[in-house]
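**Q** I need the structure of the sequence given here:
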Amino acid sequence: MIKTSVEHLGIAAKDTAALSEWYCRVFGFKEVYKGSKTPPTYIIASPQGGAMLEILPANELGEEKNEGKQGLRHFALTVEDIDAAKQILSENGANIMYAKDASGGVKVLFFTDPEGNIVQLIYRPNPLV
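**A** Numbering: from 1, shown residues only. Next comes the predicted model:
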């Protein structure tokens, strides 16, 4: 079994700044990360803690191929050992999309579940919140 907790949900948006601001204004989320690309990706944290949303550009074609669609894109689960998690996923029929190292020692792995939903595993040595 892989020990996890939910880190964030990713939502593709036409206007990332406006959607991020709306969640902050309506629900009291706080901005904890703003990307340097234009339009930027935002990560906003729930005021109660434990829940974050990643608001990312709908028109950004990356390895996940969201093809400009709006709506829920993926959810992320934190893990302590991404390599062990990858092995367990492979043994259990998950479709591994890709894995990569990110800045600050962060490691990510994307896979699809049996229904085709995109899920991200993330190891973050220094949590954002």
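**Q** Can you give me the end-to-end span of stretch 23-36?
**A** Using CA to CA, to the nearest Å, the span of stretch 23-36 from its first residue to its last is 20 Å.
**Q** how far does it sit from the chain's center?
**A** Computed by CA atoms, centre = their mean, to the nearest Å, the chain-centroid distance of stretch 23-36 equals 15 Å.
**Q** Name the residues of it that come out as buried.
**A** Y23, C24, F29 (16 or more other CB atoms under 10 Å). C-beta: built from backbone N, CA, C; applies to glycine.
**Q** Kindly indicate which of the residues you listed lies nearest M52.
**A** F29 (8.2 Å; CB to CB).
**Q** any idea how far the closest one lies from A17?
**A** Taking CB to CB, to the nearest Å as the measure, F29 falls 14 Å from A17.
**Q** Same check on K34?
**A** 9 Å.
**Q** What of G49?
**A** 24 Å.
**Q** Which of the two has more residues huddled nearby?
**A** Each of G49 and A17 has its neighbours counted (other CB atoms under 10 Å); A17 has more, 13 against 8.
**Q** Let's verify the more buried one: helix, strand, or coil?
**A** helix (DSSP: H, G, I helix; E, B strand; the rest coil).
**Q** Thank you, goodbye.
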